[in-house]
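Participant: After the sequence you'll find the predicted model.
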Amino acid sequence: MPTSSQVNVTTTAVVIVAATGFDQTACLHNLGGGAIYLGGSNVTTANGYKFDNGDKLTVLVGDHEALYAIAASGSHTVAVLTQIN
């Protein structure tokens, strides 16, 4: 069963896809405010994957793994739809 949420991303790394015991497909949409950066728990604006305002992305998140996001400044919203595989 898919799970949907909207996550507020700021200058502190936040979990946008929580770890489970299963692989997950995550569909992400950066709803606005500017670029954010995706990665592991150590994500920064220097080492993260840049996810621009308005971008959409589908990514596989492995079992027992989580996906984090951080913003360079301000507050940004990301829509997240996850499905356990």
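Facilitator: Nice, thanks for sending it over.

Participant: Name the strands paired with the one helix or strand residue 69 maps to and say parallel or antiparallel.
Facilitator: Using DSSP states H and E, residue 69 falls within strand 67-71. In the sheet, strand 67-71 lines up against strand 14-17 (antiparallel), strand 36-39 (antiparallel) (DSSP bridges).

Participant: what's the closest of those to residue 48?
Facilitator: strand 36-39 (2.7 Å; C-beta to C-beta). For glycine as for every other residue, the C-beta is placed from the backbone atoms N, C-alpha and C.

Participant: Show me what the helix or strand just after that closest one is in contact with.
Facilitator: Later in the chain than strand 36-39, the nearest helix or strand by DSSP H and E is strand 49-51. If you take C-beta atoms under 8 Å, 6 or more residues apart in numbering as the criterion, strand 49-51 is touched by 28, 30, 35-39, 57, 69, 78.

Participant: closest to residue 62 out of the strands paired with strand 67-71?
Facilitator: Ranked by C-beta to C-beta, the member of the strands paired with strand 67-71 that lies closest to residue 62 is strand 14-17, at 10.6 Å.

Participant: I'd like to know which of the strands paired with strand 67-71 is closest to residue 4.
Facilitator: strand 14-17 (11.7 Å).
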